[in-house]
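Q: Build me a model from this:
(one chain, ligands or ions: 1)
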Amino acid sequence: MIEVTGLTKRYGRKTAVDDVGFTVRPGLVTGFLGPNGAGKSTTLRVLLGLDRPDGGTALIDGRRYRDLRHPLRTVGALLDGAGPVPERRGVDHLTWMARSNRIPRRRVREVLELVGLADAAGGRVKGYSLGMRQRLGLAAALLGDPEILVLDEPVNGLDPDGIRRVRQLLRDHAAAGRTVLLSSHLMAEMAGTADHAIVITGGRIVADAPLDDISAGHPSLEAAFFALTGDPAATDQEGEGRW
Ligand SMILES: Nc1ncnc2c1ncn2[C@@H]1O[C@H](COP(=O)(O)OP(=O)(O)OP(=O)(O)O)[C@@H](O)[C@H]1O
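A: Next comes the predicted model:
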(Lines give C-alpha, C1' and ligand atoms only; values in the text may rest on other atoms or scores of the structure.)
Protein backbone atom coordinates (compact mmCIF):
# COMPACT_ATOMS: atom_id res chain seq x y z
CA MET A 1 0.00 0.00 0.00
CA ILE A 2 1.22 3.50 -0.86
CA GLU A 3 -0.02 6.45 1.18
CA VAL A 4 0.78 10.03 0.21
CA THR A 5 -0.45 12.73 2.61
CA GLY A 6 -0.23 16.51 2.32
CA LEU A 7 2.81 16.26 0.07
CA THR A 8 4.37 19.56 -1.00
CA LYS A 9 7.58 20.01 -2.95
CA ARG A 10 9.03 23.33 -4.09
CA TYR A 11 11.94 24.05 -6.41
CA GLY A 12 12.92 27.64 -5.64
CA ARG A 13 9.75 29.67 -6.11
CA LYS A 14 8.06 26.95 -8.16
CA THR A 15 5.65 24.68 -6.27
CA ALA A 16 5.91 21.42 -8.21
CA VAL A 17 3.57 19.45 -5.91
CA ASP A 18 1.01 21.22 -3.74
CA ASP A 19 -0.62 19.41 -0.79
CA VAL A 20 -1.06 16.16 -2.68
CA GLY A 21 -2.74 13.18 -1.04
CA PHE A 22 -3.79 9.76 -2.33
CA THR A 23 -3.72 6.06 -1.50
CA VAL A 24 -2.71 3.30 -3.90
CA ARG A 25 -4.34 0.02 -2.95
CA PRO A 26 -3.30 -3.56 -3.62
CA GLY A 27 -5.15 -5.67 -6.18
CA LEU A 28 -5.49 -2.85 -8.71
CA VAL A 29 -3.45 -1.18 -11.42
CA THR A 30 -3.57 2.51 -10.54
CA GLY A 31 -2.71 4.99 -13.27
CA PHE A 32 -1.03 8.31 -12.44
CA LEU A 33 -1.98 10.76 -15.18
CA GLY A 34 -1.21 14.38 -15.89
CA PRO A 35 0.17 16.69 -18.56
CA ASN A 36 3.89 17.53 -18.86
CA GLY A 37 5.11 19.33 -15.76
CA ALA A 38 2.07 18.30 -13.68
CA GLY A 39 4.14 16.91 -10.81
CA LYS A 40 4.05 13.15 -11.46
CA SER A 41 7.80 12.49 -11.48
CA THR A 42 8.32 14.81 -8.50
CA THR A 43 5.75 12.82 -6.50
CA LEU A 44 7.33 9.51 -7.51
CA ARG A 45 10.84 10.78 -6.75
CA VAL A 46 9.81 11.78 -3.23
CA LEU A 47 8.03 8.44 -2.78
CA LEU A 48 11.22 6.61 -3.76
CA GLY A 49 13.45 8.67 -1.50
CA LEU A 50 15.21 10.49 -4.34
CA ASP A 51 13.99 13.93 -3.27
CA ARG A 52 13.01 15.44 0.09
CA PRO A 53 9.52 16.89 0.49
CA ASP A 54 8.98 20.39 1.91
CA GLY A 55 5.89 19.08 3.67
CA GLY A 56 3.82 15.93 4.07
CA THR A 57 4.71 12.27 3.76
CA ALA A 58 4.91 9.56 1.11
CA LEU A 59 4.89 6.11 2.71
CA ILE A 60 5.29 2.57 1.42
CA ASP A 61 3.73 -0.01 3.72
CA GLY A 62 3.76 2.67 6.43
CA ARG A 63 7.46 3.55 6.08
CA ARG A 64 9.54 6.06 4.18
CA TYR A 65 11.49 4.43 1.37
CA ARG A 66 14.81 4.94 3.13
CA ASP A 67 13.47 3.18 6.23
CA LEU A 68 12.48 0.02 4.32
CA ARG A 69 14.47 -2.98 5.45
CA HIS A 70 14.56 -4.62 2.01
CA PRO A 71 13.74 -1.83 -0.47
CA LEU A 72 14.19 -3.85 -3.68
CA ARG A 73 12.07 -6.67 -2.32
CA THR A 74 9.34 -4.27 -1.20
CA VAL A 75 9.06 -1.88 -4.13
CA GLY A 76 10.31 -2.23 -7.70
CA ALA A 77 10.74 1.10 -9.44
CA LEU A 78 11.34 2.34 -12.95
CA LEU A 79 12.13 6.05 -13.17
CA ASP A 80 13.94 8.21 -15.68
CA GLY A 81 17.42 9.19 -14.67
CA ALA A 82 20.46 7.28 -13.53
CA GLY A 83 20.69 4.11 -15.58
CA PRO A 84 23.17 1.27 -15.57
CA VAL A 85 26.84 1.84 -16.35
CA PRO A 86 26.98 1.87 -20.20
CA GLU A 87 30.09 -0.32 -20.35
CA ARG A 88 28.40 -3.05 -18.33
CA ARG A 89 26.60 -6.04 -19.85
CA GLY A 90 22.88 -6.15 -19.10
CA VAL A 91 23.13 -9.46 -17.28
CA ASP A 92 26.06 -8.21 -15.17
CA HIS A 93 24.09 -5.13 -14.12
CA LEU A 94 21.26 -7.31 -12.84
CA THR A 95 23.62 -9.83 -11.24
CA TRP A 96 25.36 -7.00 -9.36
CA MET A 97 21.99 -5.65 -8.17
CA ALA A 98 20.87 -9.12 -7.11
CA ARG A 99 24.08 -9.79 -5.20
CA SER A 100 24.00 -6.48 -3.35
CA ASN A 101 20.39 -7.10 -2.32
CA ARG A 102 20.73 -10.79 -1.41
CA ILE A 103 18.46 -11.87 -4.22
CA PRO A 104 19.09 -15.40 -5.59
CA ARG A 105 21.06 -15.38 -8.82
CA ARG A 106 18.50 -17.53 -10.65
CA ARG A 107 16.06 -14.62 -10.40
CA VAL A 108 18.23 -12.71 -12.92
CA ARG A 109 17.47 -15.29 -15.62
CA GLU A 110 13.78 -15.28 -14.67
CA VAL A 111 13.34 -11.51 -15.02
CA LEU A 112 15.31 -11.45 -18.29
CA GLU A 113 12.84 -14.01 -19.67
CA LEU A 114 9.87 -12.07 -18.28
CA VAL A 115 10.83 -8.86 -20.09
CA GLY A 116 12.03 -10.62 -23.25
CA LEU A 117 15.66 -9.56 -22.94
CA ALA A 118 17.29 -12.98 -22.47
CA ASP A 119 18.88 -13.05 -25.94
CA ALA A 120 20.41 -9.57 -25.61
CA ALA A 121 21.46 -9.85 -21.95
CA GLY A 122 25.12 -10.54 -22.85
CA GLY A 123 25.43 -7.27 -24.79
CA ARG A 124 26.82 -4.05 -23.33
CA VAL A 125 24.22 -1.51 -22.24
CA LYS A 126 25.76 1.21 -24.43
CA GLY A 127 24.77 -0.83 -27.48
CA TYR A 128 21.14 -1.17 -26.36
CA SER A 129 18.24 0.54 -28.11
CA LEU A 130 15.81 2.70 -26.11
CA GLY A 131 13.40 -0.23 -25.85
CA MET A 132 16.13 -2.63 -24.72
CA ARG A 133 17.19 -0.19 -21.99
CA GLN A 134 13.56 0.08 -20.95
CA ARG A 135 13.29 -3.72 -20.76
CA LEU A 136 16.45 -3.82 -18.63
CA GLY A 137 14.97 -1.18 -16.31
CA LEU A 138 11.81 -3.27 -15.98
CA ALA A 139 13.85 -6.38 -15.28
CA ALA A 140 15.62 -4.45 -12.50
CA ALA A 141 12.26 -3.34 -11.05
CA LEU A 142 11.04 -6.95 -11.01
CA LEU A 143 14.26 -8.43 -9.64
CA GLY A 144 13.27 -8.46 -5.96
CA ASP A 145 9.81 -9.93 -6.75
CA PRO A 146 8.37 -6.90 -4.94
CA GLU A 147 4.82 -6.50 -3.65
CA ILE A 148 4.69 -2.97 -5.07
CA LEU A 149 5.62 -1.69 -8.53
CA VAL A 150 6.09 2.03 -9.25
CA LEU A 151 6.68 2.60 -12.94
CA ASP A 152 7.14 5.95 -14.70
CA GLU A 153 6.28 5.63 -18.40
CA PRO A 154 7.11 1.90 -18.57
CA VAL A 155 6.08 1.41 -22.20
CA ASN A 156 8.19 4.32 -23.43
CA GLY A 157 10.20 3.08 -26.42
CA LEU A 158 8.77 -0.44 -26.30
CA ASP A 159 7.64 -2.31 -29.42
CA PRO A 160 4.26 -4.09 -29.55
CA ASP A 161 5.73 -7.25 -27.98
CA GLY A 162 7.22 -5.20 -25.14
CA ILE A 163 3.97 -3.30 -24.58
CA ARG A 164 2.00 -6.54 -24.47
CA ARG A 165 4.43 -8.06 -21.97
CA VAL A 166 4.28 -5.01 -19.69
CA ARG A 167 0.48 -4.89 -19.83
CA GLN A 168 0.27 -8.58 -18.92
CA LEU A 169 2.88 -8.28 -16.17
CA LEU A 170 1.02 -5.41 -14.55
CA ARG A 171 -2.37 -7.14 -14.84
CA ASP A 172 -0.91 -10.34 -13.33
CA HIS A 173 0.78 -8.38 -10.55
CA ALA A 174 -2.51 -6.72 -9.57
CA ALA A 175 -4.47 -9.97 -9.96
CA ALA A 176 -2.10 -11.56 -7.44
CA GLY A 177 -3.24 -8.95 -4.91
CA ARG A 178 -0.18 -6.75 -5.33
CA THR A 179 0.09 -3.00 -5.85
CA VAL A 180 0.86 -1.20 -9.13
CA LEU A 181 1.28 2.56 -9.63
CA LEU A 182 1.88 3.43 -13.26
CA SER A 183 2.36 6.78 -14.96
CA SER A 184 1.83 7.13 -18.68
CA HIS A 185 0.92 9.76 -21.24
CA LEU A 186 -0.61 7.13 -23.51
CA MET A 187 -4.33 7.24 -22.82
CA ALA A 188 -5.15 4.17 -24.92
CA GLU A 189 -2.52 2.22 -22.97
CA MET A 190 -3.89 3.49 -19.69
CA ALA A 191 -7.45 2.66 -20.70
CA GLY A 192 -6.36 -0.91 -21.51
CA THR A 193 -4.32 -1.46 -18.35
CA ALA A 194 -5.48 0.59 -15.36
CA ASP A 195 -8.48 -0.01 -13.06
CA HIS A 196 -8.18 3.22 -11.14
CA ALA A 197 -6.71 6.62 -11.97
CA ILE A 198 -5.26 9.54 -10.09
CA VAL A 199 -5.09 12.69 -12.20
CA ILE A 200 -2.74 15.55 -11.31
CA THR A 201 -2.37 18.93 -12.95
CA GLY A 202 -0.48 22.01 -11.80
CA GLY A 203 0.78 20.05 -8.79
CA ARG A 204 -2.73 19.28 -7.49
CA ILE A 205 -4.89 16.16 -7.64
CA VAL A 206 -8.04 16.78 -9.70
CA ALA A 207 -9.45 13.23 -9.81
CA ASP A 208 -8.99 9.97 -7.89
CA ALA A 209 -11.54 7.38 -8.98
CA PRO A 210 -12.14 4.13 -10.86
CA LEU A 211 -11.22 4.57 -14.52
CA ASP A 212 -14.80 3.86 -15.62
CA ASP A 213 -16.08 6.69 -13.39
CA ILE A 214 -13.50 9.10 -14.81
CA SER A 215 -14.42 8.21 -18.40
CA ALA A 216 -18.20 8.24 -17.75
CA GLY A 217 -19.97 10.90 -19.78
CA HIS A 218 -16.99 11.35 -22.12
CA PRO A 219 -16.39 9.68 -25.49
CA SER A 220 -12.97 8.42 -24.34
CA LEU A 221 -10.49 8.53 -21.48
CA GLU A 222 -8.53 11.08 -23.51
CA ALA A 223 -11.57 13.37 -23.66
CA ALA A 224 -12.06 12.99 -19.91
CA PHE A 225 -8.36 13.77 -19.38
CA PHE A 226 -8.64 17.03 -21.33
CA ALA A 227 -11.83 17.98 -19.50
CA LEU A 228 -9.99 17.56 -16.18
CA THR A 229 -6.65 19.10 -17.08
CA GLY A 230 -7.58 21.69 -19.72
CA ASP A 231 -7.06 21.27 -23.45
CA PRO A 232 -4.22 23.44 -24.79
CA ALA A 233 -5.37 22.85 -28.39
CA ALA A 234 -8.83 24.21 -27.55
CA THR A 235 -7.23 27.30 -25.99
CA ASP A 236 -5.17 27.82 -29.14
CA GLN A 237 -8.30 27.67 -31.28
CA GLU A 238 -10.25 29.96 -29.00
CA GLY A 239 -8.21 33.04 -29.55
CA GLU A 240 -4.52 32.72 -28.96
CA GLY A 241 -4.30 32.18 -32.72
CA ARG A 242 -0.77 30.96 -32.59
CA TRP A 243 -0.94 29.20 -35.94
N1 LIG B 1 14.96 19.62 -10.26
C2 LIG B 1 14.06 20.57 -10.57
N3 LIG B 1 14.37 21.87 -10.50
C4 LIG B 1 13.47 22.82 -10.80
N5 LIG B 1 12.21 22.57 -11.20
C6 LIG B 1 11.83 21.29 -11.29
C7 LIG B 1 12.72 20.23 -10.99
N8 LIG B 1 12.06 19.05 -11.17
C9 LIG B 1 10.82 19.39 -11.57
N10 LIG B 1 10.67 20.73 -11.64
C11 LIG B 1 9.45 21.45 -12.01
O12 LIG B 1 8.39 20.93 -11.26
C13 LIG B 1 7.23 20.79 -12.07
C14 LIG B 1 6.76 19.35 -12.04
O15 LIG B 1 7.68 18.56 -12.79
P16 LIG B 1 7.56 16.98 -12.91
O17 LIG B 1 8.82 16.51 -13.59
O18 LIG B 1 7.23 16.41 -11.60
O19 LIG B 1 6.32 16.83 -13.88
P20 LIG B 1 5.75 15.53 -14.64
O21 LIG B 1 4.30 15.50 -14.36
O22 LIG B 1 6.56 14.35 -14.28
O23 LIG B 1 6.01 15.93 -16.16
P24 LIG B 1 6.32 15.02 -17.46
O25 LIG B 1 5.02 14.44 -17.87
O26 LIG B 1 6.80 16.05 -18.43
O27 LIG B 1 7.36 14.02 -17.10
C28 LIG B 1 7.58 21.34 -13.44
O29 LIG B 1 7.19 22.70 -13.50
C30 LIG B 1 9.07 21.22 -13.47
O31 LIG B 1 9.63 22.23 -14.30
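
Q: The residue nearest the centre of the chain - nearest residue in space that isn't next to it in sequence?
A: Centroid-nearest residue in the chain: Leu151, 2.1 Å away (criterion: CA atoms, centre = their mean). Distance criterion CB to CB, 6 or more residues apart in numbering; nearest residue to Leu151, sequence neighbours excluded, is Leu78 at 4.5 Å. All C-beta atoms are positioned from the backbone trio N, CA, C, and that covers glycine.

Q: do the same with Asn101
A: Leu72 (4.5 Å).

Q: Next, count neighbours for the one you found.
A: 21 (other CB atoms under 10 Å).

Q: What of His93?
A: 21.

Q: Surely it forms part of a strand?
A: No: counting by DSSP: H, G, I helix; E, B strand; the rest coil, His93 is not found in a strand; it is helix.

Q: In three-state terms, label the closest residue to it other than its chain neighbours for me.
A: Distances taken as CB to CB, 6+ apart place Pro84 nearest to His93, at 4.1 Å, with adjacent residues excluded. Put simply, Pro84 is coil when judged by three-state DSSP.

Q: mind checking pLDDT for Pro84?
A: Per-residue confidence (pLDDT) for Pro84: 80.

Q: Could you do Gly81 as well?
A: Value for Gly81, per-residue pLDDT: 64.

Q: so where's this protein shaky on pLDDT?
A: Along the chain, segments meeting pLDDT under 70 span 81-82, 234-243.

Q: How about the residues of it by the ligand?
A: Within reach of the ligand by CB under 6 Å from any ligand atom, the chain has these residues: Tyr11, Lys14, Ala16, Gly34, Asn36, Gly37, Ala38, Gly39, Lys40, Ser41, Thr42.

Q: and the two most separated of those?
A: The most widely separated members of the residues of the chain next to the ligand, counting by CB to CB, are Tyr11 and Gly34 (16.7 Å).

Q: Tell me which of those two has more neighbours.
A: Neighbours per residue (other CB under 10 Å) separate Tyr11 from Gly34, with Gly34 holding more: 24 against 11.

Q: I figured that one was touching Thr201, is that so?
A: Yes: here Gly34 reaches Thr201: they are 5.3 Å apart, a contact under CB atoms under 8 Å.

Q: intersection of neighbour lists for these two?
A: Thr229 (CB atoms under 8 Å, 6 or more residues apart in numbering).

Q: show me the contacts for the residue nearest to His93.
A: By CB under 8 Å, 6+ apart, the neighbours of Pro84 are Gly90, His93, Val125, Leu136, Ala140.

Q: distance of Pro104 from the ligand?
A: 34 Å (CB to the nearest ligand atom, to the nearest Å).

Q: how many neighbours does Val155 have?
A: 24.

Q: Got phi/psi on it?
A: Backbone torsions of Val155, given as degrees, to the nearest 10, read phi -90, psi 0.

Q: OK, contacts around it?
A: Gln134, Gly162, Ile163, Val166, Arg167, Ser184, Leu186, Glu189.

Q: Backbone dihedrals for the second one, please?
A: Taking degrees, to the nearest 10, you get phi -60, psi -40 for the backbone angles of Gly162.

Q: And for the fifth one?
A: Here is the backbone geometry of Arg167 (degrees, to the nearest 10): phi -60, psi -50.

Q: Just confirm it contacts Gly192, I think it does.
A: Yes: using CB under 8 Å, Arg167 is in contact with Gly192, at 6.5 Å.
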